[in-house]
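Colleague: Predicted model and sequence follow; I will ask about them next.
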4 protein chains.
Amino acid sequence: MTPGELAAKAALTRPRIADEREAEILDAAVRVLAKVGYDRLTMDQVAAEAHASKASLYRHWSSKAELVVDAISKAKGLPQKAPNTGSLRGDLMATWCGHQNSHQSLPVSVTSGLMSAMHADDELATAFRERFLNPRRTEWRKVGERARERGEIADGVDIELVLTLLPALCSHYGVVLGKQLDQAFIERLIDEVVVPVAQRTSSPERGSGEAIS
Amino acid sequence: MTPGELAAKAALTRPRIADEREAEILDAAVRVLAKVGYDRLTMDQVAAEAHASKASLYRHWSSKAELVVDAISKAKGLPQKAPNTGSLRGDLMATWCGHQNSHQSLPVSVTSGLMSAMHADDELATAFRERFLNPRRTEWRKVGERARERGEIADGVDIELVLTLLPALCSHYGVVLGKQLDQAFIERLIDEVVVPVAQRTSSPERGSGEAIS
Amino acid sequence: MTPGELAAKAALTRPRIADEREAEILDAAVRVLAKVGYDRLTMDQVAAEAHASKASLYRHWSSKAELVVDAISKAKGLPQKAPNTGSLRGDLMATWCGHQNSHQSLPVSVTSGLMSAMHADDELATAFRERFLNPRRTEWRKVGERARERGEIADGVDIELVLTLLPALCSHYGVVLGKQLDQAFIERLIDEVVVPVAQRTSSPERGSGEAIS
Amino acid sequence: MTPGELAAKAALTRPRIADEREAEILDAAVRVLAKVGYDRLTMDQVAAEAHASKASLYRHWSSKAELVVDAISKAKGLPQKAPNTGSLRGDLMATWCGHQNSHQSLPVSVTSGLMSAMHADDELATAFRERFLNPRRTEWRKVGERARERGEIADGVDIELVLTLLPALCSHYGVVLGKQLDQAFIERLIDEVVVPVAQRTSSPERGSGEAIS
DNA sequence: CAATAAACGAGACGGTACGTCGAGTCTTCCT
DNA sequence: AGGAAGACTCGACGTACCGTCTCGTTTATTG
């Protein structure tokens, strides 16, 4: 295919609306991410996958890390909403047990890839927390509030802390310890960690009641 | 100091014994690591810091990640032994509350830096687990066993799981959420997470008793 | 002035007649050319200077080089007519000694800038010769013919060759050798090169009489 | 061919002496230059042609223009010495009539390519004059001195000026006017320009005797 | 105690990806 | 309708770092 033909095809597929183009690029980034992981993802690859140019990528995102943060935050195909199954246990399972399919495992894989960059670049870390984590925390908070209403999280137990347990343990077991995160394992974590913490009845002398973070 | 003088000094201080030289290089790596973090650490920097050549580094370690794994695993100045304060709470505090000094915070910072590489390189991940994690797990297991003897970890509760909670939460809060890990916070995690999990009396139907990982 | 105000002003001053607009753009190109030279001139700069869009530039000229050729050929403010001072020496001085002012030095500077492009693009070279050089050669020929009538160019001496000497030497000394082309130097070239060649009395066996080029 | 095999081959062909490597790269640059001209020459192309990396090119030369200047200045295969045929006419012919073969026409082609860059970058212009022009001027000066001893350049005529005529006219006719520089044409220039200027007997009132440049 | 082999410091190198810039093309919106 | 605005693709630029390699020297081990 000659450059001219490529340009022609690009012109045909180029969306009219800038936001659509952005979404297309983010989707391409997600595809590359799923294929090769964060480290081996290159900007040229993303550009080629999106039939875009590197200049366009850098017009919208100031670095590879920024692009990836946005990609996993806003790309379609990644779940945005918290489940509501009627029990805390069910909600957690619904959220954390799709890990076998590639899309769901993506965030864990990519988060670990980003951690390194986050240490080196505070701006990026902030972007990651605001664009990726905060929207999800907002969603999860609803799960936590419903659980408290049902009595699944005892009074005096920090909801945020309860909801943070599973992500923290999953990334630790998955990435650091290299464990396969199958359904049985997630269930064990829920039963042996989340539930005991959420239903803690003992009242330690210090700290209880204050929100963490 | 001119390059020539540096070389002269290096020649003078060059150790006769290979193992000492290796330790010197690992220490240099730790110093650079503490200064700039995993990402911004370059092999040239380490070589310069150790008055060594890159070739020497690659003679001993096959990659940057391998070197760093070894550096945080074996460098002197990093604590190797588990504490024994007489209580689980005290042991945990002793291990996790030195974070204000640079050496103790190092593993967390570097672990996050390595996560990316671990995903891309299984061999590295294995090396990290075997050289860094396993020795520490062996040490910590003693802490866990003493705690069980004292009744601080209930029967039927997985010791490994209990001991994994704090590292998992610390790296999550510290790296992912960007939280300052001060002493008060570590205490809260111990009181509100570790203790409830360790003393869980309820007996869930499934999974309890099997060891995790 | 905000971009909006600029746009408003541009709208107000936008000419109704295409040729005027073209001339405005060419003038803008000349201004940019004088400021930064051929290499550092960018189409965006010209567009901004002319309050035009790049698309408009490419509607009229197929490339940067084409635009520049046209700019130095047709822009107002650049002398179009050959002088007539009554002597060859005077005409040459009049034409080549305005070099201190920016406009006159422009062609030399730009010609050198275009040389590279001319080698790569025959179409451009042709355009440059036809649009820029030929009109000036036509003018200069009158100078030459008047000089021959006055006996300043001997019979058997190629007029074109005589008139080519000064441009060739000026561009060589100015661009290649980096010499300042002040009035005294131009006078030396006229006295020591142009005049001897024009008044050559010796009759070489070959070639004399044929026109060069 | 795998990267490993490529590396192995590179190791085999890599010269032991740095200067040899430099010469190899310069030769590669000359080959690319002859193939595609200055404008279309890219650093990647030169790197590929020399089995080198771009980084290596930039270690030795700070820009494309610097590399090309060095290439045409020092590459083997380009004549360095002035001829000595016994007559000024013969020496000039020997130097300027090899233009049909690609190597000899290279300097003219490349000089024009460099002119643009020279205007934008004074450092480059200086480098070009010092590394390329000055060595050749030194050589040519011998030609001029021999010519003066033989009486081919009259007393009071600037030798430098005489020797500059042909390069100036050749580049002007060749590049600007697009003329084919065949042997007959060079002879005409010598007979009708160089000889009259060199043998000028008339003594203009000003300037004669001082050296130009 | 000299000869030899191994290991080393120094640093150039090939390769790959980065982030930037300018040319020339295209669409949208405005007048 | 036609132009201004400006996003877009393409391709080259110059930079940084990794891991490999060579060179000449120093250090330890043998004959």
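Modeller: Looks like it came in fine.
Colleague: moving C-terminal of the helix or strand bottoming out on mean pLDDT in chain A, what's the next helix or strand?
Modeller: The weakest-scoring helix or strand in chain A, judged by mean pLDDT, DSSP states H and E, is helix A:3-13 (a mean of 41). Later in the chain than helix A:3-13, the nearest helix or strand by DSSP states H and E is helix A:18-40.
Colleague: Sort out which residues of that following helix are buried, please.
Modeller: A:21-34, A:37-38 (16 or more other Cβ atoms under 10 Å in any protein chain shown). Any C-beta I mention is one placed from the backbone N, CA and C, and that applies to glycine too.
Colleague: so what's the closest residue to A:K54 other than its chain neighbours scoring on pLDDT?
Modeller: Of all residues not flanking A:K54 in the chain, A:A47 sits nearest, at 4.9 Å (Cβ to Cβ, 6 or more residues apart in numbering or on different chains). At A:A47, the model reports a pLDDT of 96.
Colleague: Assign a three-state SS to A:A47, would you?
Modeller: At A:A47 the chain is in helix, as set by DSSP: H, G, I helix; E, B strand; the rest coil.
Colleague: what sits against it?
Modeller: If you count contacts by Cβ atoms under 8 Å, 6 or more residues apart in numbering or on different chains, A:A47 has them with A:53-54, A:56-57.
Colleague: hmm, try it at 10 Å
Modeller: A:A47 sits next to A:25, A:28-29, A:32, A:53-58 when contact means Cβ atoms under 10 Å, 6 or more residues apart in numbering or on different chains.
Colleague: Can you show me the helices along chain A?
Modeller: For chain A, applying DSSP state H gives helices covering A:3-13, A:18-40, A:43-49, A:54-60, A:64-74, A:88-96, A:102-120, A:122-127, A:134-149, A:159-171, A:183-189, A:195-198.
Colleague: For C:V175, find the nearest of the ones you listed.
Modeller: Among the helices of chain A, the nearest to C:V175 by Cβ to Cβ is helix A:54-60 (33.2 Å).
Colleague: Residues contacting that closest one, please?
Modeller: With Cβ under 10 Å, 6+ apart as the contact definition, helix A:54-60 has outside contacts at A:18, A:21-22, A:25-26, A:28-29, A:42-44, A:46-48, A:50, A:52-53, A:63-64, A:66-67, A:70.
Colleague: Show me which pair in the buried residues of helix A:18-40 is furthest apart.
Modeller: Farthest apart among the buried residues of helix A:18-40 by Cβ to Cβ are A:R21 and A:G37. That separation is 24.9 Å.
Colleague: State which one residue of chain A is found closest to chain C.
Modeller: Among all residues of chain A, A:A55 sits closest to chain C, at 13.5 Å; criterion: Cβ to the nearest Cβ.
Colleague: burial count for that residue?
Modeller: 8 (other Cβ atoms under 10 Å in any protein chain shown).
Colleague: sorry, back to before: tell me how far the residue nearest to A:K54 lies from A:L33.
Modeller: A:A47 sits at a distance of 14 Å from A:L33 (criterion: Cβ to Cβ, to the nearest Å).
Colleague: With A:I190 instead?
Modeller: 28 Å.
Colleague: next one: stretch A:155-166 to chain centre, how far?
Modeller: Its chain's C-alpha centre and that of stretch A:155-166 lie 19 Å apart, by Cα atoms, centre = their mean, to the nearest Å.
Colleague: So for it, what gets flagged as buried?
Modeller: By 16+ other Cβ under 10 Å, the buried positions in stretch A:155-166 come out as A:157-159, A:161-166.
Colleague: Dump those into TSV; add pLDDT as well.
Modeller: Converted to TSV, those look like this (pLDDT from 0 to 100):
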residue	pLDDT
A:V157	96
A:D158	96
A:I159	96
A:L161	97
A:V162	97
A:L163	95
A:T164	95
A:L165	97
A:L166	94
